[in-house]
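[1] Sequence below, structure please.
(one chain, ligands or ions: 2)
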Amino acid sequence: MKKGIPLKKDFSIKLNSQITKYLTPKYIYLPLQEEDQIHAKIEIKKEERISDRLISPVSGQIVGTKYCLTENGEMVKCLAILNDYKETFWERKAVRKTMNKISLEKMLIEIQEYHYDDLFNKLKKMNESQILILNGIEDEPYVANEIFIGKEYTSNVLESLDALREIGHFPKVQIAIKNNDRENIEAYSNFLGTYPNIELVLVPDYYLIGKPRFLKAYLNIQEEALILSPSEIRTIYNTIKRRRYNTETIFTISGDGIENPQIIEAKIGSSVKEILNSHIKIKKNETIHIQVNGLMQGRSMEIENLIVTEGLKSILIMKDLKLPEKKCVNCGKCFAICPMGCNPRRYLKTKDPKDIKDCIDCGLCSYICPSYINLRKVIKGEKNE
Ligand code: SF4
Ligand code: SF4
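    Ligands and ions are numbered 1, 2, ... in the order given. Got it, this is the predicted structure:
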């Protein structure tokens, strides 16, 4: 397995240095699942439970349902809430003075109460891990959520990491960031004197190095590791220290098709179109192409009915280069670049699943193909659709 691959990037795409807040949407749309039994009244308060699983990010009124699009391309029925802009809380629990006194069991119960299932499943294995790593790396080009969370909430991230170190009895903690991420290097370095058991590890700007298995390979870590991102750490901080539910989330709107790339903090359930209309300037006379959740691993989408969910990481608005797909020229580049040893070229012809058995959907084969064949789509189509 390769340890990551450098990608060509357009360094003229620069993000605004501040996070833009979009916290006053008129409506909030929350995706419903079959098992949701709505037990709230019409009037709803912020952080009130609407069903066992759903929690309201605003106070206001439940006004009906509407079909909306989520970042994975599905149209789903959503509960619509009209925001009254009062932010009246359902319940405010007292902030905990310290986090390190809580037991792992208690922490797991509180994380589970808010249905942070992926985080719960990671933390549940904390006792099996020998090392704790903060993974502050963004793999996808032009996306910077984790980088901004690291530099905006450095002290909260470090406080939470140090508490986790004590709770999990980790001898040390590593923070992995890219060696060209100057702002985070400076932000963490300013605090590390206070945390002698936390160390900074710099990694090259290679694609895939932010994926746990590649990061572990690069750092030469053989043992079990608990690897958390700054956004996961922020969720732990909000839940355990502030005792609050995440009513907002952070994502990137970027690309060479707009004049003002930026990081957005928005209420979960907001309409993406409203955010674009109020904050983003599309370049004039450009035909654009929209890619949700990354150039390499995301999907091309119409965003008319797209809503903000915790799974939304980025919206890239790129100039549409209209590169026509041509015939395979048997150059072998897709095979040579694949970090998992798959053979996309042969798969095109054979459709033999063995040729792509270990595919991790990284998109490198499509990225490198001189014939602009969307190999990733072909592979995904065969495997997933
Ligand atoms: S998408 Fe799959 S086949 Fe293509 S390079 Fe990545 S791992 Fe290999
Ligand atoms: S990179 Fe493209 S053109 Fe080259 S072998 Fe693979 S599919 Fe064919």
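[2] what residue is smack in the middle of this protein?
    Against the mean C-alpha coordinate of the chain, by Cα atoms, centre = their mean, the closest residue is Lys313 at 4.4 Å.
[3] Quick check, it in contact with Met296.
    No. Counting by Cβ atoms under 8 Å, Lys313 does not reach Met296; the two are 12.0 Å apart. (C-beta placed from N, C-alpha, C; glycine too.)
[4] Around whatever residue of the stretch 51-200 of the chain ends up closest to ligand 2, count how many other residues there are.
    Closest to ligand 2 within the stretch 51-200 of the chain is Pro141: 19.5 Å, counting by Cβ to the nearest ligand atom. Neighbour count for Pro141, taken as other Cβ atoms under 10 Å: 19.
[5] Next up, the contacts around the residue nearest to the centre of the chain.
    Lys313 makes contact with Glu71, Glu140, Val143, Asn145, Phe251, Thr252, Asn293, Gly294 under the criterion Cβ atoms under 8 Å, 6 or more residues apart in numbering.
[6] Please look at the fourth one and Ser314 and confirm they touch.
    Yes. Counting by Cβ under 8 Å, a contact exists between Asn145 and Ser314, whose distance comes to 7.4 Å.
[7] any common contacting residues for those two?
    Joint contacts of Asn145 and Ser314 (Cβ under 8 Å, 6+ apart) are Phe251, Thr252.
[8] coming back round to it: name the nearest residue to the residue of the stretch 51-200 of the chain closest to ligand 2, sequence neighbours excluded.
    Lys9 (5.1 Å; Cβ to Cβ, 6 or more residues apart in numbering).
[9] got it, and Tyr85?
    Counting by Cβ to Cβ, 6+ apart, the residue nearest Tyr85 is Thr24, at 6.1 Å.
[10] mind checking which helix or strand that neighbour is in?
    Using DSSP states H and E, Thr24 maps to neither a helix nor a strand.
[11] Quick check, pLDDT for it.
    Looking at Thr24, its pLDDT is 96.
[12] picking that back up, against Asn260, how distant is the residue nearest to Pro141?
    19 Å (Cβ to Cβ, to the nearest Å).
[13] now what about stretch 149-156, what contacts it?
    For stretch 149-156, using Cβ under 8 Å, 6+ apart, the contacting residues are 19, 136, 157, 177, 183-184, 187-188, 190-191, 230-231, 233-234, 237, 241, 250.
[14] try 10 Å this time
    Taking contacts as Cβ atoms under 10 Å, 6 or more residues apart in numbering, the residues outside stretch 149-156 that touch it are 17-19, 134, 136-138, 144, 157-160, 175, 177, 181-191, 194, 229-234, 236-238, 241-242, 250, 263, 265.
[15] Off-centre distance for that stretch?
    Averaging C-alpha positions (Cα atoms, centre = their mean, to the nearest Å) puts stretch 149-156 16 Å from its chain's average.
[16] repeat for stretch 324-336
    On Cα atoms, centre = their mean, the centre of stretch 324-336 falls 31 Å from that of its chain.
[17] which bits of the protein sit near ligand 1?
    Selection of the chain residues close to ligand 1 by Cβ under 6 Å from any ligand atom yields 338, 340, 342, 344, 356, 359-365, 375-376, 379.
[18] Emit the ChimeraX select command for whichever of the residues you listed are buried.
    Here is the ChimeraX selection string for the buried members of the residues of the chain next to ligand 1, based on 16 or more other Cβ atoms under 10 Å:
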select :338,342,344,356,359,360,362,363,364,365,375,376,379
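[19] Contacting ligand 2 as well, which ones from the residues of the chain next to ligand 1?
    When the residues of the chain next to ligand 1 are checked against ligand 2 using Cβ under 6 Å from any ligand atom, the ones in range are Pro344, Leu375.
[20] which one of the residues of the chain next to ligand 1 is nearest Asp36?
    Taking Cβ to Cβ as the measure, Asp36 sits nearest to Asp361 out of the residues of the chain next to ligand 1, at 29.5 Å.
[21] isn't the closest one right next to Gly381, touching?
    No. Between Asp361 and Gly381 there is no contact under Cβ atoms under 10 Å: 11.8 Å.
[22] related to what we said a few turns ago, which neighbours do Lys313 and Met296 share?
    Glu140, Val143.
[23] Kindly confirm my reading that Ala176 is in a strand.
    Yes. Under DSSP: H, G, I helix; E, B strand; the rest coil, Ala176 sits within a strand.
[24] Any idea how many residues pack against it?
    20.
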